[in-house]
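Colleague: I would like the atomic coordinates for the input below:
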Amino acid sequence: MRAFDIQRPDTSLRTAIQNKIDNLNKPRGSLGVLEDVAMQICLVQHTLSPELHRPCHLLLAGDHGIENEGVSVSPRVVTWQQMVNFTHGGGGVNMFCRQHGFKLILVDMGVDYDLTAYPAILNRKIARGTQNFIYGPAMSHMQFDQAIETGASLVDDCHKEGCNLLCIGEMGIGNTSPSSIWMSLLGGIPLSECVGTGAGLNAEGLRHKHDVLQRAMASARCETTEEIIRHFGGFEMVGAIGAMLRAAELGMLIIIDGFIMSACVFAASKLYPQVLDYAIFGHCGDESGHRRLLQLMNAQPLLELRLRLGEGTGALCAYPIINSAVRMMNEMNNFKDAKIDKYF
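Modeller: Predicted structure coming up:
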């Protein structure tokens, strides 16, 4: 795996940023979380006047060998069918990208279907789905490196267009399973607290999913974080890790979506802890274990809307709050200019 040079944000402006926030014509702290978000963005961009430019949304897709074990209520054909639907503008992610002005980039990282007839989907296919990690690693070392590099190169393309704010979504039937295992092994959390119903498993299906994942974990021989990521992850998930690490390296903000993308940034943080300085957590979803996963990262999500759609929709829904934090810094008067007595 390539090395990333991710620097902690320069904090030398922290006092000046706080003074600007406190002198806006409002009671101190009265804009709550907006003030916290503004501080983070100002630190990342090292400025008292932050800006958001050309936001991009990467939607990465891949299939999973573990789906063959019946761990999802949805069949894998849904992965490619939804990707085609996205090309027609009919998905939830399409609607939110249009609403908030994001450029949507559809990427085939490893879908088990030939999507080359759809030019709106970038062909970055590594293989037609990962291997079943019941029997061995989901991907080879070479495939792992390719997924990381692909994610990083996608961010390079966005950055060259002037993008400084990135969302990442996923489409991959079965990908709550590797997310749960990553959470358990990298977070030291019992698997039972990490496994949820995904797209809608019933109680019996949930028990089956837990048993399958428990067997997979027992048979795996992983000693390092990278081995855990490679053994269980999906191509779209490892691609997301590469994208997150490269975005942080470039000083870009990353809005984190639900359970699967939270698992990805958690895994990324085990490789490079400083990536979390660039992450804004969009929402806490409805998947079992998501709240606990966020707690492992001391993350405070902006929204809690009971979403479990994936695609990056929760991150996109949080964008107006982030935009408001930036506008607060640039458009609100301070007490002096507004000719209001500072009363604290």
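Colleague: Under the pLDDT cut-off, which ranges of the stretch 51-200 of the chain? List them.
Modeller: Applying pLDDT under 70 to the stretch 51-200 of the chain picks out residues 199.
Colleague: Let me see the ranges of the strands in it.
Modeller: 56-62, 103-110, 121-123, 165-171 (DSSP state E, counting those that start in this stretch).
Colleague: For the ones you listed, give me JSON lines that also has mean neighbour count.
Modeller: (Glycine included, C-beta is placed from N, CA and C.) Shown next, in JSON lines, are those (neighbours: other Cβ atoms under 10 Å):
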{"stretch": "strand 56-62", "mean neighbour count": "29"}
{"stretch": "strand 103-110", "mean neighbour count": "24"}
{"stretch": "strand 121-123", "mean neighbour count": "18"}
{"stretch": "strand 165-171", "mean neighbour count": "28"}
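Colleague: Can you check which of the ones you listed gets nearest to Ile241?
Modeller: strand 165-171 (9.6 Å; Cβ to Cβ).
Colleague: The closest one: how far from the chain's middle?
Modeller: Relative to its parent chain, strand 165-171 has a centroid offset of 6 Å by Cα atoms, centre = their mean, to the nearest Å.
Colleague: name the helices or strands packed onto it?
Modeller: strand 56-62, helix 77-87, helix 235-249, strand 253-256, helix 259-271, helix 313-331 (3 or more Cβ pairs under 8 Å, 6 or more residues apart in numbering; DSSP states H and E).
Colleague: list the buried ones in the longest one?
Modeller: It refers to helix 313-331. Within helix 313-331, the residues scored as buried using 16 or more other Cβ atoms under 10 Å are 313-319, 321-323, 325-326, 328-329.
Colleague: Going by distance to Gly258, which of those wins?
Modeller: Using Cβ to Cβ, those come closest to Gly258 at Gly314, 5.0 Å.
Colleague: which residue packs closest to Gly239, ignoring adjacent ones?
Modeller: Gly151 (3.8 Å; Cβ to Cβ, 6 or more residues apart in numbering).
Colleague: wait, isn't that neighbour in contact with Val238?
Modeller: Yes - contact criterion Cβ atoms under 8 Å: Gly151 and Val238 qualify, at 7.3 Å.
Colleague: Spatially nearest residue to Glu69 (excluding sequence neighbours)?
Modeller: Val212 is the one closest to Glu69 (Cβ to Cβ, 6+ apart), at 4.8 Å.
Colleague: List phi and psi for Ala216.
Modeller: phi -60, psi -40 (degrees, to the nearest 10).
Colleague: so what's it up against?
Modeller: Taking Cβ atoms under 8 Å, 6 or more residues apart in numbering, we find Ala216 in contact with Ile66, Phe133, Ile134, Ile181, Phe232.
Colleague: Between which two of the buried residues of helix 313-331 is the distance greatest?
Modeller: Thr313 and Met329, at 26.6 Å, using Cβ to Cβ across the buried residues of helix 313-331.
Colleague: Enumerate the helices of the stretch 101-250 of the chain by residue range, in sequence order.
Modeller: Under the criterion DSSP state H, counting those that start in this stretch, the stretch 101-250 of the chain contains helices at 141-160, 176-187, 203-219, 225-232, 235-249.
Colleague: Looking at the ones you listed, which one is packed in the most?
Modeller: For these, the largest average neighbour count (mean count of other Cβ atoms under 10 Å) is found in helix 235-249, namely a mean of 30.
Colleague: Which neighbouring elements make contact with that one?
Modeller: Using 3+ Cβ pairs under 8 Å, 6+ apart as the contact test, the elements touching helix 235-249 are strand 56-62, strand 103-110, helix 141-160, strand 165-171, helix 225-232, strand 253-256, helix 259-271.
Colleague: Repeat the analysis, applying 6 Å as the threshold.
Modeller: Applying 3 or more Cβ pairs under 6 Å, 6 or more residues apart in numbering; DSSP states H and E, we find helix 235-249 packed against strand 56-62, strand 103-110, helix 141-160, strand 165-171, helix 259-271.
Colleague: Please work out the average pLDDT along it.
Modeller: Summarised as a single mean, pLDDT over helix 235-249 is 98.
Colleague: Could you pull out the buried residues of stretch 31-50?
Modeller: By neighbour count on 16+ other Cβ under 10 Å, the buried set for stretch 31-50 is 31, 34-45, 50.
Colleague: As JSON lines, those with pLDDT would be great.
Modeller: Shown next, in JSON lines, are these (pLDDT from 0 to 100):
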{"residue": "Leu31", "pLDDT": "95"}
{"residue": "Leu34", "pLDDT": "97"}
{"residue": "Glu35", "pLDDT": "97"}
{"residue": "Asp36", "pLDDT": "97"}
{"residue": "Val37", "pLDDT": "98"}
{"residue": "Ala38", "pLDDT": "98"}
{"residue": "Met39", "pLDDT": "98"}
{"residue": "Gln40", "pLDDT": "98"}
{"residue": "Ile41", "pLDDT": "98"}
{"residue": "Cys42", "pLDDT": "98"}
{"residue": "Leu43", "pLDDT": "98"}
{"residue": "Val44", "pLDDT": "98"}
{"residue": "Gln45", "pLDDT": "98"}
{"residue": "Pro50", "pLDDT": "98"}
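Colleague: So which of those residues is the closest to Glu193?
Modeller: Closest to Glu193, out of all of the buried residues of stretch 31-50 and judged by Cβ to Cβ, is Asp36, at 27.7 Å.
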